[in-house]
Structure formats: C-alpha cells, structure tokens
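Participant: Okay, predicted coordinates and the sequence, questions at the end:
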Amino acid sequence: MSIYSKGHKGGKGKQDFHHKKSLGQNFLTDDYLIESLVDLSGVGENDCVLEIGPGMGIMTKALCRRCKKVVSVEIDDALIPILKVSMGKFSNFTLVHGDVMKLNLPEVTKDLGAFHVVANIPYYLTADLMNMLMASDMPILSINVMVQKEAAERLTARPGGKEYSVLSLKSQYYGQPQIVLDVPRVLFTPPPQVDSAFVTMPLRAKDERAFAGDREELFLKVVTAGFAMRRKTLLNNLMNTFHMERTAVEGWMTKSGIEANRRGETLTLKEYITLTQNFPA
Ligand code: SAM
C-alpha cells in the first residue's frame with residue numbers, strides 16, 4: 001500500500017513506499033496529534049532528543065522545529081532517502097541508519113549531552129528497548145514513547161493487578177512512568193491490531209535511585225525472583241533463585257516486614273527495596 005494515497009504530504013520516493021509489518025511500521029499522520037505528543041513530552045528549545053524510528057519523519061519535523069538537536073535512528077533502508085529529502089532543511093537533525101538495539105548508542109548520542117527520548121516506537125521492541133534505555137549509562141533525562149496500550153499498562157501497573165510485572169517495577173524504580181494519552185488505532189497508517197497509549201517517564205538521576213552499583217543488580221534479581229513462578233509464594237521463589245534454606249529466607253522476609261505467605265506480585269516497589277537492603281550477605 002502506498003501511504004501517499006493515505007493522506008501523507010508528498011515527497012520524493014514516498015509514493016513507492018510499502019509498510020513493513022515486521023518493522024512495526026504503523027505511521028502517524030495527524031499533525032495535531034504529533035504536536036500534542038511533543039507538548040506532552042515537555043521538550044523545548046534547550047533540549048536534545050533521540051528519536052527511535054522516524055519513519056517518514058512526521059514527528060521528527062515537529063521535534064526539529066521545537067528542539068535544539070535531534071538524532072533519529074532508522075533501520076529501514078527504504079526510508080533513508082525519503083528522510084534525507086524530507087529532513088534536508090533542518091540543520092539540527094542527524095539521521096543514523098541502523099538497528100537501535102545493535103548500534104553503539106552512547107557514540108551515536110555523544111554530541112547531544114543529556115537528552116530526552118521521544119518516539120513512536122516499533123511495538124515488537126518495547127520491552128527490550130525500555131529495558132536497555134532505563135538501565136543504560138547514557139544521560140537520558142526522560143523517555144516519552146508511544147506503545148501498545150497493554151504495554152503502557154504494564155509500565156505503570158501497581159501491585160495486585162495482572163499487568164503488574166518485572167517491567168512495572170523496573171520502570172518505577174528507574175523513573176516515573178505515566179500514561180498521558182490514549183491513542184486509538186485509527187490514528188495510525190496502516191492501523192495496528194491494537195490501541196496505543198503515550199507514556200512519559202522522567203528518569204531518576206543515578207544518585208536519586210535507591211541503589212547503585214552491585215546492589216542494583218541484586219535488586220533486579222530479587223524482583224525477577226518475585227515473578228519467577230506466579231503460582232508460588234515469594235518465599236519459594238526466593239529459595240529457588242538464591243539457593244537458600246527456608247529458615248534463612250523466612251528470617252530475611254521477617255526482617256523486611258514481609259509475611260511468609262505473600263506472593264511476589266503483591267509487593268510494592270518500597271517492599272522490594274527493603275527486601276534488597278536486608279539481603280543476608
Ligand atoms: N515515527 C514514525 C511515525 O510516528 O510515523 C514511524 C513510527 S513506526 C511505529 C516505527 C519505526 O521504527 C519505523 O520507521 C521502523 O522502520 C523503525 N524501526 C523498526 N525497528 C527498528 C530498529 N530495530 N531500529 C531502528 N528503527 C527501527
């Protein structure tokens with residue numbers, strides 16, 4: 001299908017473009033929505049932005065008009081010449097051709113200084129990309145992304161619900177995720193099978209997180225253990241993950257103020273932090 005016939009503004013090469021489902025190519029076409037997404041991201045003239053997956057460049061242009069510098073990473077060979085034409089007039093724009101998961105991102109973004117991520121990301125990459133960005137050493141100030149609605153609910157979920165997961169705890173440990181806009185599928189071309197939501201997530205600076213260094217790794221291991229087997233109690237999951245005796249784990253949990261019959265998905269972020277702090281070294 002040509003997106004030209006779907007209402008995109010013209011441009012050399014666009015007419016021949018065919019969306020690749022395998023690359024999550026569901027493009028935005030509504031200028032008002034794009035402006036709202038940039039508004040919600042809170043980026044302005046002093047800010048630098050990394051965009052993942054510019055597509056035809058509709059959001060890229062809005063970002064370039066408003067921000068200091070924009071670096072966009074696009075994997076699709078067919079979009080590179082189109083972007084070169086459509087973005088040619090922006091001197092604050094850098095296009096990087098490659099796979100965001102394989103590129104040396106610190107190198108790619110080194111001229112930005114501290115930066116924000118703003119993107120309508122390919123949904124197949126959501127968990128891997130979020131995990132990679134949140135835990136990276138790059139100076140990322142915030143992550144503002146369009147994701148599948150269910151993924152948005154997982155990122156922002158609180159204890160007890162079925163969406164609450166390792167990803168929820170990680171995202172709330174590294175930042176403050178919030179669903180700021182629900183976006184129906186009809187606003188994409190071609191429309192995906194799912195609805196979407198835009199999530200903003202200011203990230204905590206390293207020294208504002210509960211842990212740094214080795215303990216952070218331990219915290220992630222404790223959280224992962226908590227969700228290892230959802231039908232088992234936290235006690236059993238911790239015994240299995242850390243190869244510890246029942247009495248040792250019971251002592252650890254008691255010291256942390258957590259009853260032995262709790263399940264991992266009922267613990268708050270604060271309780272996971274306390275549990276990590278009390279790990280019997
Ligand atoms: N930003 C555009 C928009 O909103 O219309 C396009 C968004 S589309 C959902 C996702 C974009 O990510 C596509 O352009 C796709 O080619 C690109 N993409 C997919 N996988 C990628 C990867 N591994 N690295 C970089 N870009 C990727």
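Facilitator: Perfect, thanks for sending it. Numbers count the residues shown, from 1 in each chain.
Participant: Return the residues in contact with residue 246.
Facilitator: Residue 246 makes contact with 235, 239, according to Cβ atoms under 8 Å, 6 or more residues apart in numbering. Using the backbone N, CA and C atoms, a C-beta is placed for each residue, glycine as well.
Participant: Go ahead and name everything in contact with stretch 17-26.
Facilitator: With Cβ under 8 Å, 6+ apart as the test, stretch 17-26 has contacts from 1-4, 27, 53, 55-56, 75-76, 78-79, 82, 120-125, 188-192.
Participant: check which helix or strand covers residue 96.
Facilitator: Residue 96 belongs to strand 93-97 when elements are defined using DSSP states H and E.
Participant: go on, residue 88?
Facilitator: Using DSSP H and E, residue 88 maps to neither a helix nor a strand.
Participant: Tell me the residues of this structure that contact the ligand?
Facilitator: By Cβ under 6 Å from any ligand atom, the part of the chain that sits against the ligand consists of 23-28, 52-55, 58-59, 73-76, 79, 99-101, 120, 122, 125.
Participant: Can you flag the buried ones in the residues you listed?
Facilitator: Neighbour-count burial (16 or more other Cβ atoms under 10 Å) applied to the residues of the chain next to the ligand gives 23-28, 52-55, 58-59, 73-76, 79, 100, 120, 122, 125.
Participant: What is the neighbour count of residue 43?
Facilitator: 24 (other Cβ atoms under 10 Å).
Participant: ok now do it, which residues does it touch?
Facilitator: If you count contacts by Cβ under 8 Å, 6+ apart, residue 43 has them with 49, 63, 66, 67, 116, 118, 144.
Participant: at 6 Å what do you get?
Facilitator: 49, 67, 116 (Cβ atoms under 6 Å, 6 or more residues apart in numbering).
Participant: Counting neighbours, which of these comes out on top?
Facilitator: Counting neighbours by other Cβ under 10 Å, residue 49 leads those with 29 neighbours.
Participant: what residues does the strand or helix carrying it touch?
Facilitator: Taking DSSP H and E as the definition, one finds residue 49 inside strand 48-52. If you take Cβ under 6 Å, 6+ apart as the criterion, strand 48-52 is touched by 43, 60, 63, 67-73, 100, 109, 112, 115-119, 121.
Participant: and what of stretch 111-118?
Facilitator: By Cβ under 6 Å, 6+ apart, the surrounding residues in contact with stretch 111-118 are 41, 43, 47-51, 69, 139, 141-144.
Participant: Name only those of these that count as buried.
Facilitator: The neighbour-count test (16+ other Cβ under 10 Å) marks 41, 43, 47, 48, 49, 50, 51, 69, 141, 142, 143, 144 as buried among the contacts of stretch 111-118.
Participant: Could you work out the most separated pair of the residues you listed?
Facilitator: Longest distance between any two of these is 17.4 Å, between 69 and 143; criterion Cβ to Cβ.
Participant: Can I get the contacts of residue 43 in TSV including pLDDT?
Facilitator: Formatted as TSV, these follow (pLDDT from 0 to 100):
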residue	pLDDT
49	98
67	98
116	98
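Participant: what about the residue nearest to residue 230 when sequence neighbours are not counted, which SS state?
Facilitator: Nearest-residue entry for residue 230: residue 265, 6.5 Å, with adjacent residues in sequence omitted and distances by Cβ to Cβ, 6 or more residues apart in numbering. With DSSP: H, G, I helix; E, B strand; the rest coil as the basis, residue 265 sits in helix.
Participant: what's the answer for residue 147, then?
Facilitator: With three-state DSSP as the basis, residue 147 sits in strand.
Participant: So it is in contact with residue 126, correct?
Facilitator: Yes - counting by Cβ atoms under 6 Å, residue 147 sits close enough to residue 126 to count as a contact (5.2 Å).
Participant: In terms of neighbours, single out the busier of the two.
Facilitator: residue 147 (26 against 21).
Participant: rewinding a little: got the angle for the strand holding residue 96 vs strand 48-52?
Facilitator: Strand 93-97 runs at 30 degrees relative to strand 48-52, counting by axes from the mean of the first three to the mean of the last three Cα atoms, to 10 degrees.
Participant: starting at the chain centroid, how far to the next helix or strand after strand 93-97?
Facilitator: Downstream of strand 93-97, the first helix or strand assigned by DSSP H and E is helix 105-108. When C-alpha coordinates are averaged (Cα atoms, centre = their mean, to the nearest Å), helix 105-108 and its chain have centres 17 Å apart.
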